[in-house]
Every structure is written in C-alpha cells, then in structure tokens.
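S.K.: pasting a predicted model and its sequence here:
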Amino acid sequence: MKVAMLGWELPPFVSGGLGVHCYYLTRELAALGAEIDFYMPKTRLPVRVPWMNVIEVVPPASELTRTVLATIGPYSTSVSVTGGTSATGQLTGPPSGFFESVAFYNEFAAGLVAANHKRRHYNLIHGHDWLTARAAGGGKRETGLPLVETMHSTEFDRTGNVGPWEWIVGFEREAVLQADRVIAVSGMLRDILVNKLDCPAGKVRVVHNGVDSGRFWPRNGGRLGPKVVLFHGRLSVQKGPEFFLRAAKLVLEVEPDALFVVSGKGELLERLVHLSIDLGISDRVLFAGYVPDELLQEAYASASVYVMPSVSEPFGITALEAMASGVPCIVSKTSGVTEVARHCMRVDFWDTVAMADRIVGVLRHEPLRRMMSENAVVEASAVTWRKAAEQTMRVYGEIA
C-alpha cells in the first residue's frame, strides 16, 4: 500500500494533536507494511523520521517572486520541541502570513503529489484537517486516486461560544464532501461532521487516537506526595482553563496546601494570570508555560490529579497520557476520549463546584486514588496507535 499523506506538522514542530497523531499513526502504518510519502510545509530545520519519506513542500523557482510575501511553512516563527502533545510549541495565535502559507502549501502540494504519482504509483491520498483540504482535493482530481480525509477537530470545537469562522468551515465542508472516506477521531466528532458539515454518514469511520504508553512513568499505585493538580493544554477558550482556575479557588478553601499547575501556552495566558490574582490564589497557581517533551513525563508523574475541563474536545490525547502515567483524571463530558476511557471522572465543564468536589475527593481518599490510578494504567495500555493503524488500514482497504 503506497500512500501520499498530506499533513501540516511533525515533531519537532508541533502545535497540537494533529502532529502527534501523524507521527505515531504513520509509525504504526509503516510497521503494517504501508509505504508513506508525507507531504508537509518546509520547516526551519529538516524533519526526518526513519519509517517514511518526508517531503517538505517549497515553491518552484518560477514561483519565487510570487511567493515573496508568503513563506510556505507551518509557522512564521517555528518552535522546536523534542516530542509532541497537545500543548507543546503552541503559538499564541495565527502568525503573520499564516493563511497565505496554508494557501500556497495547498497549491504546490497538489501538483507535487500528482507529479510523484507518475513514478511512485500511489494507491490513495490521505489528507488531514482543513489545512490540507485543497491539496488533497487537487491531488485527487489530477491523479484520479481515492481520497481519505482524517478530521481531528472543527471550527465548531475550536471557537466555543464565539461562533465558527465561516471561511474555515467552508474548507472543512469541502474536505469531507470530496473524500471517499472520512475518518473522525471520535463518535462525538462524527456527529458534528454529519450534522453541521453535511457529511454523508455512510462515508464516516471512527478511529480513536492512541497513546504510546511506554513513554510515560506510571505512578506508584496512586501514592500521594505533594498535592499537585495539573492542567496541560493550549490556553484557549476551547480547553477551559478559566474553569480550572475557578475550581482551584474552591478547592483551596478546604485544601490550602494544594498546588495548581497550568502547563501550556496560548492567547489566554495574560487573562488567566489576572484571573488568578483576582481570585486571590496566585500564590498557589504555577504557570509553567511550554513544557518540553523530555520534562512532560515528569510533569505527569508528579501530579496527584489531572483535569481536562475542555468546552469541546473532539478527543483529548493528554488525558490518555495522564492515564498512562497512572494519574487519576477528571475530564469534561464534552470530550471524545470518554468513549475509550471509562476509568476517569466526568464533569460538566461549566460546573466548577462539581469539578472542585471531585478534585478534593481524589486528594483526600487514598482507596479511590489508588483504584483510579491502577485502572487508568491498564486502560490506557489498551488504547494503542497500533490499533488505530489497523483500523486505518481497513479504511484504506475499502477504497484502494
């Protein structure tokens, strides 16, 4: 099986779950026999992985004048990291030239896929999210190859109650309608694709994300050291960090020695710092900023409880990472990860009283903490990228 895969990022350049997904999924697809050419924007440093051919898209010499104002790259300022989670390397907003970069990447990538198909003889094209929609569709038209689109999230998830940006919604609708098969990372996301993007239900397949459990250090049976409550994710409306801080205020009224760690970067950072001051808890909140991959395992291992209060989360890989580390998890009911993670507490993202209640319960009750910790490790070990790759190969087999 030869696959032309269109992505936007790979470690060490990662802004979210898309890059993590592509990295681990392609590793397991290659182990199952797939030959992958992975197309992505050119980065500041070469991106190399041993299991596939990474093709960085650059404009041809004849187009250099036209692209003076639009550099093809995943970021205007690349952020180097050594691994990937949903929080590492996150920019505080779309960089200057970002949308021009997306447009030029899609234009040139489509032609490059078609040219390489003449010698590589691909079996199919596989695109990821709206960022590659035009390239995937153009490649399909030029080659006649079948197309798989994996959708990781939508504007309806990312923008919360602000409302979706219709320009991007248009790309998302185009992506799902032009595809022969659409992979959604959760049943929750599948419903959004069908009900809000008009995707025919019959072409959607749900393939959950996985976790590389071997990267993480399980806690010692839920042993409690310092009372550390961890949030790890992009500091945006979608991820719900404000609810985390409001719950922290309630917890600290009864557990004053607890420490709340906010790990990640994003556009809400300044607002969150001011909120912690306004709530009178700034001395018990640590804003850790960007946590590199080599320290992420330690961050999870030192946490007593992990909280993911997302307003809308198509999946939530960080919850699986925390579970693989043996950390009791509290996640919002609007998270796709709850479809595969049963041994975690669920709460409405807006219900900070209930969120605080659950945090205090985990901190105070050793039998509960131990049970959640032990079950989390077992459950996370079963949600693998190999399983995701096997299901993806079956989707390939339906159309290739």
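M.R.: Great, that's in hand.

S.K.: can you give me the buried ones in the helix or strand hosting residue 294?
M.R.: Per DSSP states H and E: residue 294 is located in helix 293-302. Using 16 or more other C-beta atoms under 10 Å as the test for burial, helix 293-302 gives 293, 296-297, 299-302. For glycine as for every other residue, the C-beta is placed from the backbone atoms N, C-alpha and C.

S.K.: residue 390: what's it in contact with?
M.R.: 28, 32 (C-beta atoms under 8 Å, 6 or more residues apart in numbering).

S.K.: redo that, cut-off 7 Å
M.R.: residue 32 (C-beta atoms under 7 Å, 6 or more residues apart in numbering).

S.K.: then residue 286?
M.R.: 259, 261-262.

S.K.: same thing but at 10 Å, please
M.R.: 228, 230, 259-263, 276 (C-beta atoms under 10 Å, 6 or more residues apart in numbering).

S.K.: ok, residue 309 next?
M.R.: 231, 233, 239-247, 330-332, 334-335, 347-352, 355 are the contacts of residue 309 under C-beta under 10 Å, 6+ apart.

S.K.: was I right to think residue 16 contacts residue 7?
M.R.: No - applying C-beta atoms under 10 Å, one finds residue 16 not in contact with residue 7, separated by 11.9 Å.

S.K.: and for these two, which residues touch both?
M.R.: What both residue 16 and residue 7 touch, as defined by C-beta under 10 Å, 6+ apart, is the set residue 129.

S.K.: just to revisit the earlier point, show only the entries of the contacts of residue 286 found in strands.
M.R.: 228, 230, 259-263 (DSSP state E).

S.K.: which single one of the residues you listed is nearest to residue 55?
M.R.: Relative to residue 55, the closest of the ones in strands among the contacts of residue 286 is residue 263; by C-beta to C-beta it sits at 33.0 Å.

S.K.: buried subset of the contacts of residue 309 as a ChimeraX selection?
M.R.: Selecting only the buried entries of the contacts of residue 309 in ChimeraX, with 16+ other C-beta under 10 Å as the criterion:
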select :231,233,239,240,241,242,243,244,245,246,247,330,331,332,334,335,347,349,351,352,355
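
S.K.: quick one, helices of this structure?
M.R.: 17-31, 98-120, 133-143, 155-158, 166-178, 187-196, 241-252, 269-278, 293-302, 317-324, 352-364, 366-381, 385-399 (DSSP state H).
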